[in-house]
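Visitor: Predicted structure and sequence below. I'll ask about it afterward.
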Amino acid sequence: MINVTQPSIGAEELAAITAVFDSKWLGSGPRTEEFEGLFARHLGVPAENVLFLNSATSALFLAVELLGIGPGDDVVMPSNGFVANASAVVAAGGRPVFCDIDEHHLNPSVADVLAALTPRTRAVMVLHYGGYPGDVDKIAALCAERGIALIEDAAVSIASSVRGQMCGTFGDLGIWSLDSRKVITTGDGGVLYARDPAVAQRARRLSYHGLDDRSSFTTATKSQHVWWSFQIEDIGRRLVGNDITAAIGTVQLGKLAGFVERRRAIGQRYDKALGGFSGIRLPPPLPEGHRSTHYFYCVRFDSQAIRDGVSEDLLANGIYTSYRYYPLHRVRRYGATDTVLPVTDAVSDTSLLLPAHQSLLDDEVDMIAQQVLAAVEARL
Ligand SMILES: *Cc1c(COP(=O)(O)O)cnc(C)c1O
């Protein structure tokens, strides 16, 4: 079976885990701090603004909480997004307002966001589809101009950037995923970046019971008569990562550039093999100055029947394909099924993600491309 996603992990990660076991400290501790520092350096931001958490979903829910989103507040987001984007807002009592996307890069344009703004819009939440930055810099400028907060879901855009600025650092809050299907992984894990250091400090408290001192892995400085006494201002939860997952993350971060380069080469190989066939629309080239993680390789067909047929033919031959993200405006629980989003509907009904992970061999890419061509030709 060839999967759409697959983690690349091995002996180095196992060695890092062994070192954590030997240290006898498994919880959030020195290796978490080290990983946060390395991740911050990767982003080009101060380490104090970066938190390693147990998932990107935790980071998204926390981001919405940090902005104080609640009843009466709208958050504009693309319908072509992850389930937790909308759930985080609904859980806080807010309302997701879904916007449409550009039919090429599949991210919202400034015009798409503008069309969805309401007088109650408190925040905009965008992702970078498949690693494509899209118009995030322009959307950030729009939000700044209007005094609207911006949350960037950079879950799959861990190495994406616009003219040298990393995706996830354009807004007030950014989140990344280290889930096992993402470009690099810690098994489970997520990162939160808060631009305002005071917000980052509050995020740290909220991510660990509202306490200032996370887990006292360093010898506590004896500031009080009984150092186990505490006060809290905020009611927090427990969303922190741990030193086992952080140690895996440190190894994976060192491999990121190589993974992305391999993904780029796989995309080029698909482009060559599938280009020139009128019935298959390929992902667009990246604009000047944009960099992508090449997380998705998304192709579009002439009809839903062809798309569904291609996916079935490939599955019958042991190749799993999929489409992300099932449109959120079609999910009844979010209460927006009457939203009209023509591009989102057309794209999600006719597009397919081909396997594109860094472990794929050239022969496998060629074989998948041949099968896609054969499946389309059989339906013309
Ligand atoms: C995977 C993903 C998430 C969630 O990440 P977890 O770490 O699994 O919680 C959020 N947003 C997007 C766009 C994703 O693809």
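Guide: On my side now, so go ahead. Remember, it's a predicted structure, so these values are computed and weren't measured experimentally.
Visitor: Could I get the full set of helices for the protein?
Guide: 11-23, 30-43, 56-66, 83-91, 110-116, 136-146, 197-206, 243-274, 304-316, 342-350, 362-377 (DSSP state H).
Visitor: With the ligand as the reference, measure out to the residue nearest to the spatial centre of the chain.
Guide: By CA atoms, centre = their mean, the chain has its centre lying nearest to Ala155, at 1.3 Å. Counting by CB to the nearest ligand atom, to the nearest Å, the separation of Ala155 from the ligand is 3 Å. For glycine as for every other residue, the C-beta is placed from the backbone atoms N, C-alpha and C.
Visitor: got a list of what that residue touches?
Guide: 56, 82, 127, 175-177, 179, 182, 190 (CB atoms under 8 Å, 6 or more residues apart in numbering).
Visitor: Return the most buried member of the helices of the chain.
Guide: Greatest average neighbour count among the helices of the chain goes to helix 56-66 (a mean of 25), per mean count of other CB atoms under 10 Å.
Visitor: gap between it and the chain center?
Guide: Between the centre of helix 56-66 and the centre of its chain there are 13 Å (CA atoms, centre = their mean, to the nearest Å).
Visitor: Now Asp188. Nearest residue, chain neighbours left out?
Guide: What sits nearest to Asp188 in space, not counting adjacent residues and going by CB to CB, 6 or more residues apart in numbering, is Ser55, at 5.6 Å.
Visitor: just checking, what packs against the longest strand out of those in the chain?
Guide: Longest strand of the chain, by residue count under DSSP state E: strand 121-127. With contacts taken as 3 or more CB pairs under 8 Å, 6 or more residues apart in numbering; DSSP states H and E, strand 121-127 sits against strand 74-78, helix 83-91, helix 136-146, strand 149-153.
Visitor: can you redo these as a markdown table with mean pLDDT and distance to the ligand?
Guide: Listed next are the helices and strands packed on strand 121-127 as a markdown table, based on pLDDT from 0 to 100; distance: least, CB to the nearest ligand atom, whole Å:
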| stretch | mean pLDDT | distance to the ligand |
| --- | --- | --- |
| strand 74-78 | 98 | 10 |
| helix 83-91 | 98 | 5 |
| helix 136-146 | 98 | 13 |
| strand 149-153 | 98 | 5 |
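Visitor: Now render these as CSV, adding distance to Phe170.
Guide: Conversion of those to CSV gives the following (distance: least, CB to CB, whole Å):
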stretch, distance to Phe170
strand 74-78, 15
helix 83-91, 16
helix 136-146, 4
strand 149-153, 6
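Visitor: burial of the residue nearest to Asp188, as a residue count?
Guide: 20 (other CB atoms under 10 Å).
Visitor: and it, what are its phi and psi?
Guide: Main-chain torsions, Ser55, degrees, to the nearest 10: phi -170, psi 160.
Visitor: do you know how far the residue of the chain most remote from its centre is from the ligand?
Guide: Distance from the centre of the chain peaks at His225, with 44.6 Å (CA atoms, centre = their mean). Noted for His225: a distance of 41 Å to the ligand, by CB to the nearest ligand atom.
Visitor: again, but for Gly190
Guide: In terms of CB to the nearest ligand atom, Gly190 sits 5 Å off from the ligand.
Visitor: unless I'm mixing things up, that residue is touching Ser55, no?
Guide: Yes - under the criterion of CB atoms under 8 Å, Gly190 makes contact with Ser55 at 4.5 Å.
Visitor: Between those two, which contacts overlap?
Guide: With CB under 8 Å, 6+ apart, Gly190 and Ser55 have common neighbours 177, 179.
Visitor: burial count for the residue nearest to Phe98 when sequence neighbours are not counted?
Guide: Using CB to CB, 6+ apart and skipping the chain neighbours, the partner closest in space to Phe98 is Ser79 (3.9 Å). Neighbours of Ser79 under the rule other CB under 10 Å: 29.
Visitor: Who are the contact partners of Ser79?
Guide: Neighbouring residues of Ser79 by CB under 8 Å, 6+ apart: 98-101, 327-330, 339, 341, 344.
Visitor: same thing with Ile306?
Guide: Shown in contact with Ile306 (CB under 8 Å, 6+ apart): 279, 350, 376, 379.
Visitor: 7 Å instead?
Guide: When contacts are counted by CB atoms under 7 Å, 6 or more residues apart in numbering, Ile306 touches 376, 379.
Visitor: for Tyr320, same thing?
Guide: If you count contacts by CB under 7 Å, 6+ apart, Tyr320 has them with 1-4.
Visitor: Can you say which of these are buried?
Guide: Among the contacts of Tyr320, those buried by neighbour count (16 or more other CB atoms under 10 Å) are 2, 4.
Visitor: Could you dump the contacts of Tyr320 into TSV with pLDDT added?
Guide: Converted to TSV, the contacts of Tyr320 look like this (pLDDT from 0 to 100):
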residue	pLDDT
Met1	92
Ile2	93
Asn3	92
Val4	91
